[in-house]
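Asks: Here is the input, now give the coordinates:
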Amino acid sequence: MRRFVVGFFAVIGFLVFLVVVVAAGIAYWAAPVTPPVPGTTLLSLNLNQGFPEAPPADGLTRIIGEEPLTMRDMLDTLEQAGNDPRVKGIFARMGDDDISVAQVQELRDAIAAFRAKGKFAIAYADSFGEFGPGIHSYYLASAFDEIWLQPQGMVGLTGLSSETPFFRGALDKLDVVPSFDHRSEYKSAMNSITDSKMTGPQREESEEIVKSVYDQIAHGIAQGRKLDEGQMRDLIGHGPLLTEEALAAHLIDHIGYRDEAEAAARKRAGGDVKVLGPAAYLDRAGHPHQSGPVVALIYGTGLIQRGSSSSNPLSGGGLMGADTLVRAFDDASKKSDVRAILFRIDSPGGSATASETIWRAVQHARDRGKPVVVSMASVAGSGGYYIAAPADKIVAEPATLTGSIGVFAGKFVTAGLWQKLGINWDAVSLGENAGMFSSMQDFTPAQHARFESFLDATYGGFKERVAQGRKLSSDAVEQVAKGRVWTGEDAKARGLVDALGGFSTALALVKQAAKIPADQDVTLKVYPRPETAREVVERLLGRTPSDEDTASAFTDFERSLRMVRAVAQQLQLVSEPPGSLTMSEAKAP
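Replies: Now for the predicted structure:
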């Protein structure tokens, strides 16, 4: 009996030992392995569309779908690769015009910095616009040292056009009355619903913006392609150009198909070249700015609203919440290790109340001794400029749309529409102005007077914030205000912007403001910290991290997810040895 018991437990012990060994083996083989960057690497970029400025504001959006590459990801890729001797060059696909001119300018500067390190950059397009404009995309391509175009393609240099729809006629047919007003004459956001064509000031503003951006593009292309600027303008005037015409005009270097352009890029890289997309490259090489003094990076993207920031998982767009921005600035300004704050803005404006709340958060951070430098992306207008005004320095791209120092507000009066539909409304109210914001009636004379007072006070407050932040007189602010939108280039000439450039220019000014040596790297730390998958689910379930059962369950869940992900990686590595990616396997951004 004793021998049986001993044997039984010996078998149990052996089985337990076997399970432990197998589990250890699985854990070992399933451990995430990040292969190194191959010794001869070619970066493959997809530049057919613009990039979001910031990751989704909430973790749920990041869980539902694959998180897209941001503009910073692209800039980090180019910066890191420029300093990486293993990366020999870039092969980029482009041709579509779905990218803003400001983003094009920032990418052009990053490409130029990459090439300055002795590396090559080849651009390929099947067509720069197909029976449509392609000038934005070609403007970007002109920063590369080689441009390939597919036979039967075209270079859609057709100039620039700004078109605005007007809905007043449709509203009149529906018997809907737009009861709006603005401060001041250039504040044109409401014109589409109050007018049937451009007002004089709106046309003047639009013409100046188009001219400013057109001049920037013509100059940039001429410089990139080493052409006379007058000749470049003439070519744009005769666009679009067919492939052979573009070759004869030195707008492109080669006519060929994508496989031929890829082969040329591989040959130029030399050796046993491997291809990596930006996501794969950053996974292996890491992001820059991960050591040194801490600089807080705060994103302000989307329409400005009261409350928290949010994202739309379907459209990928987002809303900038004042409460979220206040927490971010408050947390960053309280941290003793944070030396300065880089505030990246991409917003057309929004709520005046929320803008004032964010303005206070920026000002409060400065009062606590934290320098704030703003980097404007494609647009920082109206409320987007309001929240930038108190910064120590403001940086914008030449084509960034900014300013729009003004305000508009109002309501739609829909009583006539309901009457046409045979629907009657009735109401009970107390107070003379109880129905002031009702869509069933227009403003009374007394209500309209209060409404106008609100516009005056808001406009006056906006100008005061700008005067205070930019150290300008009231008269100087009035000259650049009136609701007028400026390009970054024109805004700098009028004192609304300190420097022209992008993220790297702003980072250099951050170092200067924080007294960090120019040649010293910094650690960029995003505020607020992005939510983890576990925190998202806990929030949705109403749980807190202090719930031990929840924490334990999620720890096991996360461990399982890591195991599955690691096994998948191992299976891929077994079938394809590390670094054996082909051009077709490179991940597109």
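
Asks: same question for stretch 433-442, mean pLDDT?
Replies: Throughout stretch 433-442, pLDDT has a mean value of 94.

Asks: how far is that stretch from where the chain is centred?
Replies: 38 Å (Cα atoms, centre = their mean, to the nearest Å).

Asks: Surely residue 296 forms part of a helix?
Replies: No: the assignment for residue 296, made by DSSP: H, G, I helix; E, B strand; the rest coil, is strand rather than a helix.

Asks: for it, what are its contacts?
Replies: By Cβ atoms under 8 Å, 6 or more residues apart in numbering, the contact list for residue 296 reads 328, 332, 335, 338, 340-342, 370, 525-527. Where you see a C-beta, it was placed from the backbone N, CA and C, and this is true even at glycine.

Asks: Need the max-distance pair from the residues you listed.
Replies: Largest separation among the contacts of residue 296 by Cβ to Cβ: 370 and 526, giving 15.5 Å.

Asks: of these two, who's got more company?
Replies: residue 370 (23 against 15; other Cβ atoms under 10 Å).

Asks: any idea what sits nearest residue 71, other than its immediate chain neighbours?
Replies: Leaving out its chain neighbours, the residue that sits closest to residue 71 by Cβ to Cβ, 6 or more residues apart in numbering is residue 51, at 4.4 Å.

Asks: burial count for that neighbour?
Replies: 20.

Asks: Surely it touches residue 69?
Replies: Yes: contact criterion Cβ atoms under 8 Å: residue 51 and residue 69 qualify, at 6.1 Å.

Asks: Which residue ranges of the stretch 101-250 of the chain form strands?
Replies: For the stretch 101-250 of the chain, applying DSSP state E, counting those that start in this stretch gives strands covering 120-125, 146-149, 154-155, 177-183, 241-242.

Asks: re earlier: so of the contacts of residue 296, which ones are in strands?
Replies: In strands, judged by DSSP state E, the following of those are found: 338, 340-342, 525-527.

Asks: Low-confidence stretches in this structure?
Replies: 1-33, 57-66, 312-317, 531-589 (pLDDT under 70).

Asks: domains in it, as residue ranges please.
Replies: 2-36+545-585, 41-157+239-285, 294-422+445-527 (automatic domain parsing).

Asks: between these, which gets nearest to residue 164?
Replies: That would be domain 294-422+445-527 among these, by Cβ to Cβ, at 12.6 Å.

Asks: quick one: terminal-to-terminal distance for the closest one?
Replies: End-to-end span of domain 294-422+445-527 (Cα to Cα, to the nearest Å): 12 Å.

Asks: swap in stretch 169-181?
Replies: Stretch 169-181 end-to-end distance (Cα to Cα) = 18 Å.

Asks: who touches the closest residue to residue 115 other than its chain neighbours in this structure?
Replies: Of all residues not flanking residue 115 in the chain, residue 121 sits nearest, at 5.6 Å (Cβ to Cβ, 6+ apart). The contact partners of residue 121, by Cβ under 8 Å, 6+ apart, come to 89-90, 92, 111, 114-115, 143-146.

Asks: circling back: show me just the buried residues among the contacts of residue 296.
Replies: Buried by 16 or more other Cβ atoms under 10 Å: 328, 332, 338, 340-342, 370, 525, 527, out of those.

Asks: Closest to residue 379 out of these?
Replies: Taking Cβ to Cβ as the measure, residue 379 lies nearest residue 342 of the buried ones among the contacts of residue 296, at 18.1 Å.

Asks: how far away is the closest one from residue 332?
Replies: Separation of residue 342 from residue 332 (Cβ to Cβ, to the nearest Å): 10 Å.

Asks: shared neighbours, these two?
Replies: 296, 298.

Asks: just checking, residue 268 touches residue 145?
Replies: No: counting by Cβ under 8 Å, residue 268 does not reach residue 145; the two are 10.0 Å apart.

Asks: any shared contact partners between those two?
Replies: 120, 122.

Asks: thinking again about what came up before, closest one to residue 256 among the strands of the stretch 101-250 of the chain?
Replies: Among these, strand 146-149 sits nearest to residue 256 (Cβ to Cβ), with 5.4 Å.

Asks: Does that closest one pack against any helices or strands, and if so which?
Replies: strand 120-125, helix 243-248, strand 254-255, helix 258-269 (3 or more Cβ pairs under 8 Å, 6 or more residues apart in numbering; DSSP states H and E).

Asks: Most tightly packed of those?
Replies: strand 120-125 (a mean of 24; mean count of other Cβ atoms under 10 Å).

Asks: I'd say residue 512 and residue 506 touch.
Replies: No: counting by Cβ under 8 Å, residue 512 does not reach residue 506; the two are 10.6 Å apart.
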